[in-house]
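> how would this look folded up:
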Amino acid sequence: MTLFIIWYNRLFNTASHVSTDTSIHTAFSQPNISPSTTPVVDLSSARAPFISWPLQRLCTEQASSSSLIPGLVFLCDNNSGGPGNIRNYILTCIRYAIEAGATGLQIPRIRTRSSSNKADLFREYQPLSYMFSESHFRAAMEEACPHIALFASNAGLDAIPGVAAKALRENLEPERMIRRVTPKEFGGSRAGCDARDPNRHTDRFGAAFRGWTRDLAAERGLAPTSWENPLLVRLSWGVLWDWPVIRDGPEFAATFGGLLRVREDILELADQIVLSMKQLAASSAERGSKDDGSVMSGPSGLFLGVHLRTEEDALSQWPTYENQSRGYLYKAEKQGFRGGVAYLASGSEKETRRFSEDARAHLDLNVKSKYDLVQGRELEKLKSLSWDQQAIVDFAVLLRSDYFVGVSPSSFSINVALKRHLQQEGLYTRPWKVGASDKRSWLVGWYSSYWNDWLFMFDGMWP
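Coordinates of the predicted model:
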């Protein structure tokens, strides 16, 4: 154990105290406002108001630069995996669409996974509302980027102006009209970099892409792209970490993710779970108090959030159960949670039991999962959700834990940590220090190889 502690102290700059939760803000989008008048809000909250001006500034610049292509429509549905991957794919795709000069966007669909084989990621599609609020997404996009028309996904491609007529002219099914695009092929060479490297030519992507559309039409003797001759674009599957998020400034990086707000009914479930955890933590502290008023158990009213990523679809090269559990329990003790309570997010009942037993044995830590904390209608609602929808419940709860421990390179853990990081500096939050921690979160992992340890995810993750 001594060697273990030395190893962790060497690799990580640990935080020294536990931060408390802050108030939850209303879910209404803010009007377009200037940086100097932006109100102070907790952007780490799942209900944080959408601050629109950074996105509106970008879209206004694009619209005034003569870079728009009437009839260019993006489809941001080539996503898969858990909530972290799906969320980041959609946001990255939209960022590329803006840069390309798109004037249309089909409301993104979400690709679900098999209920019996979690590694089977490419099953049927569900609407955006499967995970996120479509009404919020529409309102935010219409406010910030009014030049981009939004088309309902449930109406099919024929709902996009000009598609049905073009399909008839070219004797093609609308789906076969879609152009598959890999953004890294536009703008310049990456000169031998690993294929997972972020796109180093995002500044040149737009002009190169628009040149490609003109060349494509000229080579094939086609009319230029227009609403009478629309061009449908679907990005390749692996683009989700492409865009270096800080490239557009900290204020854009801190707010762009607000386009995708978790469904309200899922947030209400999370509210109930957080309330139960707070009550459990308070009662645990009372039971642990000595006669002189000092506390022998964990911090009063505070709970630890834990993400254990050891389910059946976890990759073999990721940190093992032993790596994760030992790191989490070490950090829990350092943060003062011995004898306290912890909320565990895991998609495996077996692993949940295993960690709960280890935590009780080593730290007298009382570990609870979402299933332990709701009953009646709330429990039935929880059970009705899919595996990935239940993960969003976990996501919303972990955002409000008093300290969080997770694992890199899980996109879920990284997303939680980076979202929580926004609480400290708000709109102008500086990037998370990879391999270290902040005062609210810590991630176990390996941080030696940028590509092999998946550190590129930190550069491409929208908080």
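> For the closest residue to I69 other than its chain neighbours, which residues are in contact?
Spatial nearest neighbour of I69, excluding adjacent residues (CB to CB, 6 or more residues apart in numbering): G101 at 4.5 Å. In short, each C-beta sits where N, CA and C put it, glycine included. Neighbouring residues of G101 by CB atoms under 8 Å, 6 or more residues apart in numbering: 62, 67-69, 72, 206, 209-210.
> pretty sure Y403 contacts G305?
Yes - in this structure, Y403 is within contact of G305 by CB atoms under 8 Å, at 6.9 Å.
> More neighbours: these two, which one.
Y403 (28 against 24; other CB atoms under 10 Å).
> So which residue is dead centre in the protein?
Centroid-nearest residue in the chain: G84, 4.0 Å away (criterion: CA atoms, centre = their mean).
> what's near enough to touch that residue?
By CB under 8 Å, 6+ apart, G84 lies in contact with 410-412, 414-415, 461.
> Poorly predicted segments of the stretch 251-400 of the chain, please.
Where the stretch 251-400 of the chain drops to pLDDT under 70, the residues are 288-299, 314.
> Apologies, that question was intended for the stretch 1-150 of the chain.
If you take pLDDT under 70 as the line, the stretch 1-150 of the chain has these spans: 1-39.
> Now do the helices in it.
In the stretch 1-150 of the chain, helices defined by DSSP state H, counting those that start in this stretch lie at 2-11, 53-63, 83-100, 134-144, listed in chain order.
> So which of those helices is nearest S44?
Closest of those to S44 is helix 83-100, at 15.3 Å (criterion: CB to CB).
> ok, the contacts of G84 vs L373, which is closest?
F412 (19.4 Å).
> wait, is that closest one part of a strand?
No - per DSSP: H, G, I helix; E, B strand; the rest coil, F412 lies outside any strand segment and is helix.
> Which among the helices of the stretch 1-150 of the chain is found nearest to A359?
helix 2-11 (16.2 Å).
> could you list every residue that touches R430?
R430 neighbours (CB under 8 Å, 6+ apart): P250.
> Can I get stretch 130-141 in PDB? Just the C-alpha atoms.
Output of stretch 130-141 as PDB, limited to C-alpha atoms (Å, rounded to 0.1, in the frame of the first residue of the first chain):
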ATOM      1  CA  TYR A 130     -34.100  10.000 -26.200                       C
ATOM      2  CA  MET A 131     -31.500  11.800 -24.200                       C
ATOM      3  CA  PHE A 132     -31.800  15.500 -24.600                       C
ATOM      4  CA  SER A 133     -34.500  18.200 -24.700                       C
ATOM      5  CA  GLU A 134     -35.400  18.900 -28.300                       C
ATOM      6  CA  SER A 135     -37.400  22.000 -27.500                       C
ATOM      7  CA  HIS A 136     -34.400  23.500 -25.800                       C
ATOM      8  CA  PHE A 137     -32.100  22.600 -28.700                       C
ATOM      9  CA  ARG A 138     -34.400  24.200 -31.200                       C
ATOM     10  CA  ALA A 139     -34.800  27.400 -29.200                       C
ATOM     11  CA  ALA A 140     -31.000  27.700 -28.600                       C
ATOM     12  CA  MET A 141     -30.100  27.100 -32.300                       C
END
